[in-house]
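**Q** Need a 3D model of the following:
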Amino acid sequence: SALTGESLPVTKSPGDGVYSGSTCKQGEIEAVVIATGVHTFFGKAAHLVDTTNQVGHFQK
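**A** Below is the predicted model of the structure:
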């Protein structure tokens with residue numbers, strides 16, 4: 001997965017969380033969206049990257 005770096009399927013049970021982009025390999029899945037945009041894990045990470053103020057060596 002993009003989040004954990006796992007390349008093998010992971011077994012999930014009822015009540016376990018899944019992330020956007022998850023694939024159901026066997027059976028069925030029903031999901032409830034609990035956050036969107038900057039309120040998601042990926043959104044928060046992207047916001048942190050976007051708000052960093054790193055100055056390059058040539059800018060110093």
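
**Q** the helices in the chain, which residues?
**A** For the chain, the helices defined by DSSP state H occupy 41-50.

**Q** how about low-confidence regions in it?
**A** Scanning the chain for pLDDT under 70 picks out the ranges 1-4, 6, 59-60.

**Q** residue nearest the centroid of it?
**A** Among the residues of the chain, the one closest to the centroid is residue 42, at 4.4 Å (C-alpha atoms, centre = their mean).

**Q** For residue 43, see how far away the closest residue to that residue other than its chain neighbours is.
**A** Distances taken as C-beta to C-beta, 6 or more residues apart in numbering put residue 20 closest to residue 42, at 7.3 Å, once the chain neighbours are dropped. For glycine as for every other residue, the C-beta is placed from the backbone atoms N, C-alpha and C. As judged by C-beta to C-beta, to the nearest Å, residue 20 and residue 43 stand 10 Å apart.

**Q** what's the answer for residue 25, then?
**A** 26 Å.

**Q** So the two - more neighbours on which side?
**A** residue 43 (13 against 9; other C-beta atoms under 10 Å).

**Q** what about the residue nearest to that one when sequence neighbours are not counted, how many neighbours?
**A** Excluding the flanking residues, the one nearest residue 43 by C-beta to C-beta, 6+ apart is residue 37, at 5.2 Å. When counting by other C-beta under 10 Å, one arrives at 10 neighbours for residue 37.

**Q** Does residue 37 touch residue 47 like I think?
**A** No - contact criterion C-beta atoms under 8 Å: residue 37 and residue 47 do not qualify, at 9.5 Å.
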